[in-house]
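here is my input, please return the structure:
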Amino acid sequence: MLIKARHLKKSYQMGAVAIEAVRDVSLEIRKNAFVSIMGPSGSGKSTLMHIIGCLDKPDSGEYYINGKAVNEIEDDELAEIRNKFIGFVFQTFNLIPRMNALNNVELPLIYRGENAGIRKEKAIKALEEVGLGHRIYHNPNELSGGERQRVAIARALVTDPAIIIADEPTGNLDSKTGMEILKLFDELHKSGKTIIMVTHQREVAEIASKILHIKDGEIIDREIIKEMK
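Sure thing, here's the model as predicted:
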């Protein structure tokens, strides 16, 4: 099992009030799954995503990624796991404005310490995979919203991660462009990628094979959309 979580809990202190963002969540996600985590604003889905993506640790419970107990390791090893195993795609793209598409996609490889020639080769390949081989030297402000999201997806792909985590990936896009991005995720899944997508929209969630419905920090339903082969 690629991801296994048991009885995860996470709280935040807001003034004198403790907010239980994640309450007793258990889940399993196998390799090459496509899972949506769906819930309204404030449901705890982003906090759960941060735990799954090793951006945060639970207060209690057990979390394993690729057999490694995440809540038992130090922050520097956690950063290494993120860099090796996880690619992130965000609603706001998170591209660096002064850098062209190629340089934005190269960034995770720079953190890995790979040499310039290999970085460029891998970044070009990733951009070609998302249909942007002709736009590699364009800066973000020269690209449409859909193209910027494709650059962000290429950046997530460039390290060949085991897992891609997408947080509201169509939230800043019009419906037509959003559907194009969802089609791209579906193609990535069919090519063998494990994808976890966070969304509050039913029509977006349904691109996945399984939907985990979350409310008030708890998974209240697990819905199979289509059988995974």
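
quick check, distance from stretch 43-51 to the centre of its chain.
Centroid separation for stretch 43-51 versus its chain: 11 Å, with CA atoms, centre = their mean, to the nearest Å.

low-confidence ranges in the chain?
Scanning the chain for pLDDT under 70 picks out 227-229.

quick one: the strands in it?
Assigned by DSSP state E, the chain shows strands spanning 3-14, 17-29, 34-38, 60-65, 68-69, 86-90, 163-167, 194-199, 210-215, 218-224.

can you redo those strands as a markdown table with distance to Glu147 and mean neighbour count?
Any C-beta I mention is one placed from the backbone N, CA and C, and that applies to glycine too. Formatted as a markdown table, these follow (distance: least, CB to CB, whole Å; neighbours: other CB atoms under 10 Å):
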| stretch | distance to Glu147 | mean neighbour count |
| --- | --- | --- |
| strand 3-14 | 31 | 16 |
| strand 17-29 | 30 | 16 |
| strand 34-38 | 23 | 25 |
| strand 60-65 | 31 | 18 |
| strand 68-69 | 35 | 12 |
| strand 86-90 | 14 | 22 |
| strand 163-167 | 17 | 24 |
| strand 194-199 | 20 | 24 |
| strand 210-215 | 28 | 20 |
| strand 218-224 | 32 | 13 |
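
of all the ones you listed, which one is nearest Ala154?
Ranking the strands of the chain by proximity to Ala154 (CB to CB) places strand 86-90 first, at 9.6 Å.

and the strands of the chain as TSV, adding distance to Gly145?
As requested, the strands of the chain are exported to TSV (distance: least, CB to CB, whole Å):
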stretch	distance to Gly145
strand 3-14	30
strand 17-29	29
strand 34-38	21
strand 60-65	31
strand 68-69	36
strand 86-90	13
strand 163-167	15
strand 194-199	17
strand 210-215	25
strand 218-224	29
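
okay, and the beta partners of the residue nearest to the spatial centre of the chain?
What sits nearest the mean C-alpha location of the chain, by CA atoms, centre = their mean, is Ile165, with 1.3 Å. Here Ile165 sits in beta bridges with Phe88, Ile196, as judged by DSSP bridges.
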